[in-house]
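Participant: okay, here's the prediction I keep looking at, along with the sequence it came from:
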Amino acid sequence: MKLEIVLDSDRAAQGDKVTGRVDVVEGGPSRSLTLTLTFHEQTQSYAVVRYDSGGVIHEGEVVTGTPVDFDFTVPAEAPPSLKCKHSELYWELAITSDEHGLDMHVARRLEVIARP
Amino acid sequence: MRTPLLIGASKRGKFAHIPPGHDPGPQTLRTEVGFPLWGWFTGVVGTGMFVSGVFVAVGGRGSKFDPLEEALGGTFFALIGLMCALWGYSQLRKHRPPSLANRMPGAALAVDRDDARRGEKLTVTLTVPRSGSPEDQPLEVGVVCVERYDYQATAQTRAGLIFIRQTREADAYEDWRQVERTAGDQTVDFELPRDVPYSYEGDCVSYAWRVSARVARKLRSDPRIDHAVWVLP
């Protein structure tokens, strides 16, 4: 199975609704697809997930060429993405396919900006 | 779901880098330093050893002892004591920089507000007393953002390699302006850029903002007065 996350916009402001889809490049058997939004702190040596939220966006087999649409809302109090010399704060969007054996996992970053 | 993290919460803090009304994060709580007892103890004992060593080295114990042995032994003892005293002092200074208020009695720093957004302006007022420090040391006012990040250090021991979690600091942003030493109030405006870090209290990363007044000195730590501010995104 091969999945790709496609977002309508690569950046979103605090409290914004984000829409996108999961492109099924190569389909296969799956119990469900779960969407998870996580907030990460990262340094050269350590990484911590400070927030996660998500839910199931599709149940059953995924079919090649049939995209799965999704939308979610960025928390209104979400700390914006930030990169410094020694550390980074970032948001990540992940899709997990629940399968027999090892689950499949794809992820991509979402740039969160401060609400003007 | 993990606990949602808030950019600012309400509780009066006891941490110097967090203004009232904001909570310390896990990293701040984990690295909190209480009374530096070990540093004080080493410093006091070291100072005592230094004074005793000098006393012995100059023949303070009288002529019944060999002067050469007294000089050598006393000097060695004094040097060890001096090293302990300097280590104790460095531990103290590591957590508490020298105070500008002690060197310029009456000096005070005020900021028009404790919370500001990136892109907004902060107005800082420095009150300079009549008796300033020497003219060759510039007096400056600035805004500083300190990045505190956890780092995994390694050390080789008899038992093998061990990993030590350390928290290090680096200036992520600073803007210093030199001010006149004339007595009275001096006001300086700082505009916070939009692309700088905001205040954040995290688990392995924190960003702390402060307004400072300092006397810039060469090869020594700068005496300063700090005022913590909270920069919102």
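Facilitator: Cool, got the structure.
Participant: how about the lowest-mean-pLDDT helix or strand in chain B: buried residues?
Facilitator: Every helix and strand of chain B was ranked by mean pLDDT, DSSP states H and E. The lowest is helix B:100-103, at a mean of 71. Residues of helix B:100-103 classed as buried under the neighbour-count rule (16 or more other CB atoms under 10 Å in any protein chain shown) are B:100-101. For glycine as for every other residue, the C-beta is placed from the backbone atoms N, C-alpha and C.
Participant: by contact count, what packs against it?
Facilitator: When contacts are defined as 3 or more CB pairs under 8 Å, 6 or more residues apart in numbering or on different chains; DSSP states H and E, helix B:100-103 packs onto strand B:205-215, strand B:224-232.
Participant: quick one: these as CSV, columns for distance to chain A and mean neighbour count too.
Facilitator: Shown next, in CSV, are the helices and strands packed on helix B:100-103 (distance: least, CB to the nearest CB, whole Å; neighbours: other CB atoms under 10 Å in any protein chain shown):
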stretch, distance to chain A, mean neighbour count
strand B:205-215, 4, 24
strand B:224-232, 8, 20
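Participant: any chance of the ones you listed in a markdown table with mean pLDDT as columns?
Facilitator: Shown next, in a markdown table, are the helices and strands packed on helix B:100-103 (pLDDT from 0 to 100):
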| stretch | mean pLDDT |
| --- | --- |
| strand B:205-215 | 94 |
| strand B:224-232 | 93 |
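Participant: indicate which one of the ones you listed is closest to residue A:106.
Facilitator: Closest approach to residue A:106 among these is made by strand B:205-215 (25.8 Å; CB to CB).
Participant: could you export the helices and strands packed on helix B:100-103 as TSV, including distance to residue B:45?
Facilitator: Listed next are these as TSV, based on distance: least, CB to CB, whole Å:
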stretch	distance to residue B:45
strand B:205-215	31
strand B:224-232	29
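Participant: ok, which of these comes nearest residue A:35?
Facilitator: strand B:205-215 (25.7 Å).
Participant: now do the same for residue 56: its pLDDT.
Facilitator: Reading this off chain A. The score at residue A:56 is 95. That number is its pLDDT.
Participant: wait, chain B was what I had in mind.
Facilitator: At residue B:56, the pLDDT value in this model is 93.
Participant: and it, what does it touch?
Facilitator: B:70, B:73-74, B:77 (CB atoms under 8 Å, 6 or more residues apart in numbering or on different chains).
Participant: next: residue B:162.
Facilitator: By CB under 8 Å, 6+ apart, residue B:162 lies in contact with B:154-156.
Participant: which of the residues you listed are buried?
Facilitator: Buried by 16+ other CB under 10 Å: nothing, out of these.
Participant: so which of those residues belong to strands?
Facilitator: Of these, the ones assigned to strands by DSSP state E are B:154-156.
Participant: need those in JSON lines with distance to chain A and pLDDT, can you?
Facilitator: JSON lines is the format used below for the ones in strands among the contacts of residue B:162 (distance: CB to the nearest CB, whole Å; pLDDT from 0 to 100):
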{"residue": "B:154", "distance to chain A": "10", "pLDDT": "92"}
{"residue": "B:155", "distance to chain A": "14", "pLDDT": "90"}
{"residue": "B:156", "distance to chain A": "18", "pLDDT": "91"}
